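>>> Sequence below, structure please.
(chains A and B)
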Number of protein chains: 2
Amino acid sequence: MKSFGQRLMQAVIGKRTPTMVGIDPRWASLPTSIKENRGSPLSADSVAEAYHQFGLAILDTTADLVPAVKFQSAFFEAVGPAGVQVLWSLARHASSLGLVVVMDAKRGDIGSTADAYAEAYLAPLPGETAPIADALTVNPFLGRETIEPFLKSARQHRTGVFVLVRTSNPGSADLQMEVQGGQTISSRIGSWVEDWSASSAGELGFGDVGAVVGATHRAELRTFRDAMPHTPILLPGYGAQGGSAADLRDAFDDRGLGAVVNNSRGIIFAYQSEKHSAESWKESVRDATQAMIADLARHTSAGNL
Amino acid sequence: MKSFGQRLMQAVIGKRTPTMVGIDPRWASLPTSIKENRGSPLSADSVAEAYHQFGLAILDTTADLVPAVKFQSAFFEAVGPAGVQVLWSLARHASSLGLVVVMDAKRGDIGSTADAYAEAYLAPLPGETAPIADALTVNPFLGRETIEPFLKSARQHRTGVFVLVRTSNPGSADLQMEVQGGQTISSRIGSWVEDWSASSAGELGFGDVGAVVGATHRAELRTFRDAMPHTPILLPGYGAQGGSAADLRDAFDDRGLGAVVNNSRGIIFAYQSEKHSAESWKESVRDATQAMIADLARHTSAGNL
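Prediction:
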């Protein structure tokens, strides 16, 4: 039985890059060709159908280049049940293309409610054979015990969990950098994560519990990497949120392993940059993905992959 | 424009009780009559259809007795997109019965992703006129700024937010309690909530941002109530989680206002108690609701309503 961390790192080795494409559809940012002829007034179902077409195109355009995709659940939930149906359909398509699928839903709750979220995303639905995602992002605010139901499902179904350790937003310090007993809240959560991952580490050294660490906190990355040697790190914040490849260097080991780097807007809406137009939007997605792969290879040890 | 807190308290006055019914369906606990003839092997769609039938019966059986219902999103998500469709359908039905609808989804994220969650639950979908819920539970772990997009939607659409301040589980103290400087994380979050609610308080004194405070922390309730005089408090943990009516007394003001008390399992699965049978499960739901209303009236100032 391979741990999620082992599978993720094998996928990174297979594609020779830790680049992760973030699928965060927003109606206002969709290429015109996707928005055309969706009816007026616009309905939630029409927006969901546009997200479906857009998401399929992104997946088909990038699947041969990257090891993993991350779906931001919020943007699909924002168009109601039809959006959730599309999210599931896209996640199934991503799996069929061989991509590692991370569901970024930041779920968290207590007891049997946490069990239910774990059943939703880390285990097969009743009557089905495969979970919808390979890993789920989890919010630890309710305490260590509330993450354990997710780990139980993950271990049973060979899926994984990414726990929020330090987020990339300016206000993340409000609660995460508070000190309890000489340790920040973030470093305490990091120590839980490392305990869990150390006990499930595979051949490449990574276990089934990852950490989300904002790529905007360069000075902290080395500390987190050193404190969590068996923990796969998910780095949001590259590109649009201001993180550069050089800022991420410390998240990787010498092999170029240990982290995956997400880019959402910078890839899926790349046509909005000066270099591209709405007519060639799929080409811009592919170009932006390749540019990010090259950027990470140049400025981090991902070049050793 | 009435604040959510004003509307909620008016509903409490209208029904003369702060009792909230929690809709947390679990296949294993459903009455036999609901589970019958759902097919074999069981599919996610079949389970979702059973939840629909069960939820409609609970709503129709309790709507004349209580001011509000709380839907636990996790249990619906656990049966996939069909479950989410049922959740939305039940929430619409609850609104049509005049119930205040709280979506307990504990969402939280940064920037435009928080906007998307707010659009999903606190604003109408594209092409629709009413939001799916009157209020949403929100996780504050990512920082004060990350709650603001929810407040913006709430104020625009006359909906509300319940921020997790102190949860009812044993491990909640891991991150929510004391930090350097003497204030607990929970009391800091409580002070944010009170600031927001004080600025939007209606005639009855309550604003549009509430607090979730676990009913299992009796000693803390008075402190939170005093520190958050304009804040509606949502108390989970009555019944199944060990909180008694007497434990909740300090959450109410002399008028019997200021809090709503949720009961999920103790009402919806009341047929499992000694006094009832699976044949009379709807009767048991009504009996358990009336017993809770009487219990709160006897042991708290809700008797003054």
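>>> The helix or strand of chain A with the lowest mean pLDDT close to chain B?
When the helices and strands of chain A are scored by mean pLDDT, DSSP states H and E, strand A:179-180 comes last with a mean of 82. Yes. Contact between strand A:179-180 and chain B, assessed by Cβ under 8 Å from any Cβ of the partner chain, occurs at A:179-180. C-beta: built from backbone N, CA, C; applies to glycine.
>>> what lines up beside the helix or strand following that strand in the sheet?
Next helix or strand after strand A:179-180 toward the C-terminus (DSSP states H and E): strand A:183-184. With DSSP bridges as the test, strand A:183-184 is paired with strand A:179-180 (antiparallel).
>>> who touches the partner strand?
With Cβ atoms under 8 Å, 6 or more residues apart in numbering or on different chains as the test, strand A:179-180 has contacts from A:185, A:188, B:175, B:177-180.
>>> Quick one: the residues you listed as TSV, columns for distance to residue B:144 and neighbour count too.
Below are those laid out as TSV (distance: Cβ to Cβ, whole Å; neighbours: other Cβ atoms under 10 Å in any protein chain shown):
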residue	distance to residue B:144	neighbour count
A:185	15	24
A:188	20	19
B:175	16	23
B:177	19	14
B:178	19	15
B:179	15	20
B:180	18	11
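>>> If we only consider those, which is nearest to residue B:142?
If you rank the contacts of strand A:179-180 by distance to residue B:142 using Cβ to Cβ, residue A:185 comes first, at 11.9 Å.
>>> pretty sure the closest one contacts residue A:177?
Yes. Here residue A:185 reaches residue A:177: they are 7.0 Å apart, a contact under Cβ atoms under 8 Å.
>>> which residues does the spatially most central residue of chain A contact?
Centroid check for chain A by Cα atoms, centre = their mean gives residue A:70 as the closest residue, at 3.9 Å. Applying Cβ under 8 Å, 6+ apart, we find residue A:70 in contact with A:20-23, A:102-104, A:234, A:262, A:264.
>>> where does it fall, phi/psi-wise?
Phi and psi for residue A:70, reported as degrees, to the nearest 10, are phi -130, psi 120.
>>> pLDDT at it, what is it?
Predicted confidence (pLDDT) at residue A:70: the value is 98.
>>> ok, for it, nearest residue in space, not its chain neighbours?
Of all residues not flanking residue A:70 in the chain, residue A:102 sits nearest, at 4.3 Å (Cβ to Cβ, 6 or more residues apart in numbering or on different chains).
>>> isn't that neighbour right up against residue A:232?
No. Here residue A:102 lies out of contact with residue A:232, judged by Cβ under 8 Å, at a distance of 10.4 Å.
>>> List just the nearest of the contacts of strand A:179-180 to residue A:220.
residue A:185 (13.0 Å).
>>> mind listing what's buried in stretch A:100-119?
A:100-119 (16 or more other Cβ atoms under 10 Å in any protein chain shown).
>>> If you could redo that for stretch A:137-147, that was the one I meant.
Under the neighbour-count criterion of 16+ other Cβ under 10 Å, stretch A:137-147 has A:137-144, A:146-147 buried.
>>> where along the stretch 201-305 of chain A do the strands fall?
Secondary structure of the stretch 201-305 of chain A (DSSP state E, counting those that start in this stretch): strands at A:209-213, A:233-235, A:259-263.
>>> SS state for the residue lying farthest from the centre of chain A?
Residue farthest from the centre of chain A, counting by Cα atoms, centre = their mean, is residue A:40 at 33.8 Å. Secondary structure of residue A:40, reduced to three states by DSSP: H, G, I helix; E, B strand; the rest coil: coil.
>>> give the contact list for it.
No contacts exist for residue A:40 under Cβ under 8 Å, 6+ apart.
>>> repeat that with 10 Å
A:46, B:127 (Cβ atoms under 10 Å, 6 or more residues apart in numbering or on different chains).
>>> sorry, back to before: want to try a markdown table for the contacts of residue A:70, with pLDDT as columns?
Putting the contacts of residue A:70 into a markdown table (pLDDT from 0 to 100) gives the following:
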| residue | pLDDT |
| --- | --- |
| A:20 | 98 |
| A:21 | 98 |
| A:22 | 98 |
| A:23 | 98 |
| A:102 | 98 |
| A:103 | 98 |
| A:104 | 98 |
| A:234 | 97 |
| A:262 | 96 |
| A:264 | 96 |
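>>> Can you flag the buried ones in these?
Neighbour counting by 16+ other Cβ under 10 Å classes A:20-23, A:102-104, A:234, A:262, A:264 among the contacts of residue A:70 as buried.
>>> Which single residue in the stretch 1-150 of chain A comes nearest to chain B?
residue A:143 (3.2 Å; Cβ to the nearest Cβ).
>>> thinking again about what came up before, among the buried ones among the contacts of residue A:70, which lie within strands?
Judged by DSSP state E, the buried ones among the contacts of residue A:70 include A:20-23, A:102-104, A:234, A:262 as members of strands.
>>> these two touch, right, residue A:243 and residue A:214?
Yes. Using Cβ atoms under 10 Å, residue A:243 is in contact with residue A:214, at 7.7 Å.
>>> Compare neighbour counts for these two and give me the winner.
Higher neighbour count among residue A:243 and residue A:214: residue A:214, with 26 against 22, using other Cβ atoms under 10 Å in any protein chain shown.
>>> and the gap between the more buried one and chain B?
In this view, residue A:214 and chain B are 9 Å apart by Cβ to the nearest Cβ, to the nearest Å.
>>> wait, isn't that residue in contact with residue A:236?
Yes. If you go by Cβ under 10 Å, residue A:214 and residue A:236 touch, sitting 6.3 Å apart.
>>> Residue A:62: neighbouring residues, count only.
Residue A:62 has 25 nearby residues by other Cβ under 10 Å.
>>> Ok, residue A:28 next?
Count around residue A:28 with other Cβ under 10 Å applied: 6.
>>> ok now do it, which residues does it touch?
Residue A:28 is in contact with A:35, A:269, counting by Cβ under 10 Å, 6+ apart.
>>> For it, give its distance to residue A:47.
11 Å (Cβ to Cβ, to the nearest Å).
>>> that older thread, so can I have TSV of the strands of the stretch 201-305 of chain A showing distance to residue A:169?
What follows is these, written out as TSV (distance: least, Cβ to Cβ, whole Å):
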stretch	distance to residue A:169
strand A:209-213	12
strand A:233-235	14
strand A:259-263	14
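>>> which one of those strands lies closest to residue B:133?
Of the strands of the stretch 201-305 of chain A, nearest to residue B:133 by Cβ to Cβ is strand A:209-213, at 27.0 Å.
>>> where does the stretch 101-250 of chain A dip in pLDDT?
A:240-242 (pLDDT under 70).
>>> returning to that earlier point: which one of the strands of the stretch 201-305 of chain A lies closest to residue B:298?
strand A:209-213 (46.7 Å).
>>> what angle separates the closest one from strand A:259-263?
Between strand A:209-213 and strand A:259-263, the angle comes out at 50 degrees (axes from the mean of the first three to the mean of the last three Cα atoms, to 10 degrees).
>>> okay, strand A:209-213 in CSV with CA atoms only?
The C-alpha atoms that make up strand A:209-213 are tabulated as CSV, following Å, rounded to 0.1, in the frame of the first residue of the first chain:
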residue,chain,number,x,y,z
VAL,A,209,-0.6,13.9,5.5
GLY,A,210,0.6,17.1,3.8
ALA,A,211,0.7,20.7,4.9
VAL,A,212,-0.5,23.8,3.2
VAL,A,213,2.1,26.6,3.7
